[in-house]
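Enquirer: any chance you can model this:
(one chain, ligands or ions: 2)
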Amino acid sequence: MKAARRPSDLAARSERLCHIEPGDMVPLPPPYEDFNRVTLPLLKPERVKGIETSLDDTVAIGIPRPASREEEDLLVRKFLSGLKKLFEKKNNWTFLQPLLLSMEHCARCQTCADACPVYEMSGRQEIYRPIFRSEVLRRIYRKYVKPGGRIAAKWNGDIDLNWTTVARLAELSYRCTLCRRCASVCPIGVDNGLITHEIRKLFSQEMGIAPKELHEKGTVQHLRVGSSTGMNPLAAKDNVEFIQEEMEEIAGFKVEIPWDREGADILLIHNAGEMLAWPENVGAFAILFQAAGLSWTLSSEAVGYDAVNYGLWYDDVQFSRVAVKHADIARRLNVRKIVMGECGHAHKALTVTADRLLTGDLNVPRESAMVTLADIVSSGRLSLNPRRNPFPVTLHDPCNMVRSMGIVEPQRRILRAVAPRFREMTPHGVDNYCCGGGSGFAIMSGYNFADWRNLVSSRRKFLQILDAFADEPPEAPKYVCAPCSNCKGAIRDMIGYYHGEERSGLYYGGLVELIVNAMSDMKKPIIQFDGKSSWES
Ligand code: SF4
Ligand code: SF4
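Expert: Ligands and ions are numbered 1, 2, ... in the order given. Just a heads-up that it's a prediction; the model follows:
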């Protein structure tokens, strides 16, 4: 029996505010019933010694417990100071207006609750309800920041502000993937994803609290070394040289991968994770751009070969540093445009969110690879044989690229041309569900967070994938096309977690690989299923 939780409960000290029992979560169909009895592995006491664990069964950040009452009070004061800044134009010129709209106008109709995959899949745990964390922030803001708030709290909804409230709210901001599905259904336009983003920002910018995968190992490493993967420019070039050799073996002809070519039409920026985890994606772009006769280049300058911008999810300052660096590299290379590779959040970061930041000659035109690839496929410059992709294919819509940016059709035009057995997920396009790895979850795996992601936030996507292929025999190979590096990471992990390859023949990969796999002049297939040629599947 679930405990009914109210926002005010956040302030009351207890061992844990929410616990998911086996059977609470939405059940999985055969042959995955064994996972219906699985719940999160317990956090080992020695691993969580001295850190805050009182929200639920998992930990995303790992906030150290303050050593004294004085330290607690100091942290609460810092939180309040950061909260005030969120509502000041000079300190929050990017997001103040939509934040105010979302804070002031919720009608509590709960339409958003049914749209939220985290809330639904968890078995409707109250603390994961989209408006729960927004309501916590609203109450704190009204009571402690607005004039006369303490008296009005009796009518507006009360909450006590102490270290427990603050620490739980920080963790709670990492139980939402910022997918903004809730915002897309709200009749008023309230964006609970945005409120969550602003809470994360407050903690990072004001208190130095953020998951280490996003901050130290993410943005800080990106700016210091050149890539969030830890690859410096030399290592990136070495890896690409290796990819080039591999591609020549597959293509049967010489493949050029140009670096730092001044005056090229296109600067292509990949998520550098592709160079390590999915090198065929980087190679497929090179084969395709060469076959289409495009003038293009990669950049070997630090930051310029890694499109990620994790600041998008938690910190405007870190975000701006990376975005300006990307644009400045393109400006100095004198390219006509930047093409964003298959990385959804990088699309939104540089193309949309950075738009107010990149003025003057930093405002280099930016284009989605979905559009570039669709133009190539429809140009007639390639000789394509769709029968080389005889396996069933479904498409995952990355939230940032599709729901937030409206890039829906180009990738579908491509699939209709190269994958004769393409079928949509239900729902799809702007209504699609997050992979569960959004907003950084795909790379966050401290404590038992990866289990939480696979069991709770990726569960809806896993059900959607199974449903898309329900008419296919389990042993037949099936391809989940995910044109986003982070989504691919989450889908790889969920397929591994649920044994989806062994039980349902599930494989995954990018979009550009499907195009190259269908090119008539390729010597070997670029897509393989368990080491076997995909051309004969
Ligand atoms: S759908 Fe909008 S108005 Fe309704 S509860 Fe959700 S945020 Fe509030
Ligand atoms: S942004 Fe997505 S995960 Fe977050 S509350 Fe809304 S629907 Fe749920």
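Enquirer: what's the spacing between the closest residue to Gly62 other than its chain neighbours and Leu17?
Expert: Using CB to CB, 6 or more residues apart in numbering and skipping the chain neighbours, the partner closest in space to Gly62 is Ile51 (4.8 Å). From N, CA and C alone the C-beta is placed, and that goes for glycine too. According to CB to CB, to the nearest Å, Ile51 and Leu17 sit 16 Å apart.
Enquirer: which one of those two is surrounded by more residues?
Expert: Leu17 (20 against 15; other CB atoms under 10 Å).
Enquirer: my guess is that one contacts Leu55. True?
Expert: Yes - Leu17 is within contact range of Leu55, at 5.5 Å (criterion: CB atoms under 8 Å).
Enquirer: any shared contact partners between those two?
Expert: Ile127, Arg168 (CB atoms under 8 Å, 6 or more residues apart in numbering).
Enquirer: just the strands from the stretch 251-400 of the chain, written as ranges.
Expert: Here the stretch 251-400 of the chain has its strands, by DSSP state E, counting those that start in this stretch, at 266-269, 296-297, 337-340, 366-368, 393-395.
Enquirer: buried residues in the one helix or strand in the chain whose mean pLDDT sits lowest?
Expert: Least confident helix or strand, the chain: helix 149-156 with a mean of 81, by mean pLDDT, DSSP states H and E. Going by neighbour count (16 or more other CB atoms under 10 Å), the buried part of helix 149-156 is Ala153.
Enquirer: for it, C-alpha coordinates in CSV please.
Expert: Output of helix 149-156 as CSV, limited to C-alpha atoms (Å, rounded to 0.1, in the frame of the first residue of the first chain):
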residue,chain,number,x,y,z
GLY,A,149,4.2,34.8,2.4
ARG,A,150,4.4,33.3,5.9
ILE,A,151,0.9,34.4,6.7
ALA,A,152,-0.5,33.5,3.3
ALA,A,153,1.0,30.0,3.6
LYS,A,154,-2.1,29.0,5.6
TRP,A,155,-4.2,29.4,2.4
ASN,A,156,-1.5,28.8,-0.3
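Enquirer: for that helix, packing partners?
Expert: Based on contacts counted as 3 or more CB pairs under 8 Å, 6 or more residues apart in numbering; DSSP states H and E, there is no element that helix 149-156 packs against.
Enquirer: how about the residue most central in space within the chain: what's its closest non-neighbour residue?
Expert: The C-alpha lying nearest the average C-alpha coordinate of the chain belongs to Gly438 (CA atoms, centre = their mean; 2.8 Å). Once flanking residues are discounted, Gly438 sits nearest to Thr177: 3.5 Å by CB to CB, 6+ apart.
Enquirer: wait, a helix at the one you found?
Expert: No - counting by DSSP: H, G, I helix; E, B strand; the rest coil, Thr177 is not part of a helix but coil.
Enquirer: correct me, but it touches Val118?
Expert: Yes - applying CB under 8 Å, one finds Thr177 in contact with Val118, separated by 6.8 Å.
Enquirer: before we move on, the earlier item: wait, which of the strands of the stretch 251-400 of the chain is closest to ligand 2?
Expert: With distances scored as CB to the nearest ligand atom, the stretch of these nearest to ligand 2 is strand 393-395 (19.6 Å).
Enquirer: so what does that closest one touch, helix or strand wise?
Expert: Using 3+ CB pairs under 8 Å, 6+ apart: strand 393-395 touches helix 409-418, strand 422-423, strand 478-481.
Enquirer: give me the number of residues near whatever residue of the stretch 251-400 of the chain ends up closest to ligand 1?
Expert: Proximity to ligand 1, evaluated over the stretch 251-400 of the chain using CB to the nearest ligand atom, is greatest for Cys399 at 17.4 Å. When neighbours are counted by other CB under 10 Å, Cys399 registers 28.
Enquirer: before we move on, what about Phe529?
Expert: 18.
Enquirer: report the contact partners of the closest residue to it other than its chain neighbours.
Expert: Of all residues not flanking Phe529 in the chain, Pro477 sits nearest, at 4.0 Å (CB to CB, 6+ apart). The contact partners of Pro477, by CB under 8 Å, 6+ apart, come to Phe391, Gly505, Tyr507, Phe529, Asp530, Ser534, Ser537.
Enquirer: who are the contact partners of whichever residue of the stretch 401-537 of the chain sits closest to ligand 1?
Expert: Residue of the stretch 401-537 of the chain nearest ligand 1, by CB to the nearest ligand atom: Asp431 (15.0 Å). By CB under 8 Å, 6+ apart, Asp431 lies in contact with Arg181, Ser184, Arg403.
Enquirer: relative to ligand 1, how far out is the second one?
Expert: Note on Ser184: its distance to ligand 1, by CB to the nearest ligand atom, to the nearest Å, is 10 Å.
Enquirer: helix/strand/coil for that residue?
Expert: Look at Ser184: counting by three-state DSSP, its state is helix.
Enquirer: what about the residue nearest to it when sequence neighbours are not counted, neighbour count?
Expert: In space, and not counting its chain neighbours, Ser184 is closest to Arg403: 6.1 Å by CB to CB, 6+ apart. Other residues lying near Arg403 total 24 when counted by other CB under 10 Å.
Enquirer: check Phe95 too.
Expert: 18.
Enquirer: go ahead and confirm it touches Glu198.
Expert: Yes - here Phe95 lies in contact with Glu198, judged by CB under 8 Å, at a distance of 6.2 Å.
Enquirer: now do the same end-to-end measure for stretch 86-95.
Expert: Using CA to CA, to the nearest Å, one end of stretch 86-95 lies 9 Å from the other.
Enquirer: need the residues that contact that stretch.
Expert: Residues outside stretch 86-95 that contact it (CB under 8 Å, 6+ apart): 85, 96, 99-100, 141, 145, 194, 197-198, 201-202, 316, 353, 356.
Enquirer: if we can go back for a sec, who touches both of Thr177 and Val118?
Expert: Ser457.
Enquirer: what about these two, which has more around it?
Expert: Thr177 (28 against 25).
Enquirer: surely Ser378 touches Pro410?
Expert: No - look at Ser378 against Pro410 with CB under 8 Å: they stay out of range, at 9.4 Å.
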